[in-house]
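Engineer: sequence plus predicted model, see below.
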Amino acid sequence: MQEEYDALQRNRTWELVPRPPRANVITGKWVFKHKLGSDGTLERYKARWVVRGFRQRAGVDFMDTFAPVVKPGTIRTVLHLAASRAWLVHQMDVSNAFLHGHLQEQVYCQQPIGFVDTERPDDVCLLSRSLYGLKQAPRAWYQRITGFLHRLGFRSTRSDASLFVYRTGNDIAYLLLYVDDIILTASTAGLFRQLTDRLRAEFALKDLGPLHYFLGIEVVRRADGFFLHQRKYAHELLKRAGMLNCNPAPTPVDTKAKLSASDGSLVSDAPFYRSIIGALQYLTLTRPELQYTVQQVYLHMHAPRDAHWAAVKRILRYICGTMGYGLSLHASPSTSTDLVAYSDADRAGCPDTRCSTSGYCVYLGSSLVSWSSKRQPTVSRSSVEAEYRAVANVVAECTWLRQLLSKLSCPVDKATVVFCDNVSAVYLSANP
């Protein structure tokens with residue numbers, strides 16, 4: 001707590017002022033957390049002063065909000081390029097990142113519990129820097145680091161606001177930002193050290209070494225590329241669900257008819273069902289084979305029933321036997337930027353709405369970088385229409401990936417091939 005409070009004071013996060021009349025003074029609390037390493041061992045204890053941002057008033061205490069969260073497809077694409085070019089890839093952490101953001105609004109909060117000024121106990125804190133919990137804190141931090149990166153020579157990309165590209169002559173570097181976690185890769189060791197030193201001089205930056213554990217994803221660098229897996233995360237998920245010692249299942253879903261919204265009786269603990277589904281969704285970041293089955297049980301989060309919970313347990317049993325599974329990003333020739341996509345759809349697959357489900361996957365070289373399984377918003381009148389919608393979805397994703405690669409100085413110089421197993425949809429795509 002003392003360390004956190006000292007950091008707040010060093011950053012001049014606030015100044016004590018008499019409590020203004022009718023001011024909205026936000027309360028706060030101390031949040032304590034155990035920071036664990038990738039192997040599950042205790043790394044350090046952490047205390048953070050967090051304000052209750054839900055008491056803020058829109059248009060008074062905050063205006064716009066934004067969270068700097070890089071897209072998973074961007075991460076996989078950058079790692080594929082780094083592996084293909086044998087670049088250094090390091091992960092970094094910014095200590096007290098939100099404290100670096102400057103506030104434009106007048107925001108008052110109470111003095112931290114346990115550190116109230118004895119001479120001015122009735123005064124409140126007028127914030128000049130953002131604090132964790134404020135609705136505008138992520139936006140303020142993003143504006144601060146974006147301004148600094150632009151001065152360094154980085155440029156933001158329209159394809160992903162949390163991706164920054166540096167290019168001077170033959171020197172290239174990519175920086176990925178996920179709130180206060182950073183992935184930095186550069187074409188040369190000298191450029192990497194130069195950028196790291198500049199970042200460390202501006203922020204309280206910790207270089208955590210080569211990329212190995214990022215957002216719950218374990219990264220193993222091999223001679224032929226990267227292997228991404230979530231073994232530790234899957235273990236914690238099974239433990240939370242009480243299925244750590246269950247019998248493994250060979251597949252994540254059976255072959256019977258699809259789930260209906262009216263199958264069985266309502267489950268007794270719907271919030272627990274939703275929390276498990278949310279955790280399963282995060283697991284699909286490195287497990288594309290789970291995307292379809294997780295999407296099917298996700299459709300029933302509003303009113304889960306016994307049959308839906310049985311399907312979730314089937315997924316968990318499959319995970320129990322495949323915790324070592326993950327995603328391989330293979331290095332390919334540095335000049336290869338071939339995009340190949342596959343799409344499919346099941347017409348009227350939903351037994352309740354008769355909507356179809358679209359699915360696709362996109363390969364960059366030999367690496368799978370993007371995939372999706374999603375129910376279509378309208379009812380298709382034919383299998384051609386259902387398949388054509390699936391093709392349209394994957395073409396939109398390929399267009400985004402082509403734009404992303406062009407911003408990464410890897411333009412795609414030939415057409416992207418999209419495979420579809422419906423001949424009529426292929427003819428319709430050729431002559432709409």
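Structural biologist: Right, received. Where do you want to start?
Engineer: buried ones in the lengthiest helix in the chain?
Structural biologist: Criterion DSSP state H: the longest helix present in the chain is helix 383-407. Buried residues in helix 383-407, defined by neighbour count with 16 or more other Cβ atoms under 10 Å: 383-391, 393-395, 397-398, 400-405, 407. Glycine gets a C-beta too; all of them are placed from N, C-alpha and C.
Engineer: which strands or helices does that helix pack on?
Structural biologist: helix 72-85, strand 163-168, strand 339-346, strand 357-364, strand 367-375, strand 417-419, helix 423-430 (3 or more Cβ pairs under 8 Å, 6 or more residues apart in numbering; DSSP states H and E).
Engineer: tell me the bridge partners for Y213.
Structural biologist: When bridges are called by DSSP bridges, Y213 pairs up with E218.
Engineer: which residue ranges of the stretch 1-150 of the chain form helices?
Structural biologist: Here the stretch 1-150 of the chain has its helices, by DSSP state H, counting those that start in this stretch, at 2-10, 72-85, 137-152.
Engineer: repeat for the stretch 201-350 of the chain
Structural biologist: For the stretch 201-350 of the chain, the helices defined by DSSP H, counting those that start in this stretch occupy 231-241, 270-283, 291-298, 306-320.
Engineer: which of those helices sits closest to E15?
Structural biologist: helix 270-283 (39.9 Å; Cβ to Cβ).
Engineer: now that closest one: average pLDDT?
Structural biologist: What helix 270-283 shows for mean pLDDT is 95.
Engineer: please apply the same query to stretch 300-307.
Structural biologist: Average pLDDT, stretch 300-307: 93.
Engineer: mind giving me the domain ranges of the protein?
Structural biologist: 2-215, 234-320, 333-430 (automatic domain parsing).
Engineer: need these in a markdown table (columns: distance to F226).
Structural biologist: Converted to a markdown table, these look like this (distance: least, Cβ to Cβ, whole Å):
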| stretch | distance to F226 |
| --- | --- |
| domain 2-215 | 5 |
| domain 234-320 | 11 |
| domain 333-430 | 9 |
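Engineer: on that earlier part again, need the helices and strands packed on helix 383-407 in a markdown table with distance to L208, mean pLDDT and mean neighbour count, can you?
Structural biologist: Below are these laid out as a markdown table (distance: least, Cβ to Cβ, whole Å; pLDDT from 0 to 100; neighbours: other Cβ atoms under 10 Å):
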| stretch | distance to L208 | mean pLDDT | mean neighbour count |
| --- | --- | --- | --- |
| helix 72-85 | 16 | 95 | 23 |
| strand 163-168 | 19 | 95 | 18 |
| strand 339-346 | 32 | 95 | 20 |
| strand 357-364 | 26 | 96 | 22 |
| strand 367-375 | 24 | 96 | 20 |
| strand 417-419 | 39 | 95 | 15 |
| helix 423-430 | 46 | 91 | 14 |
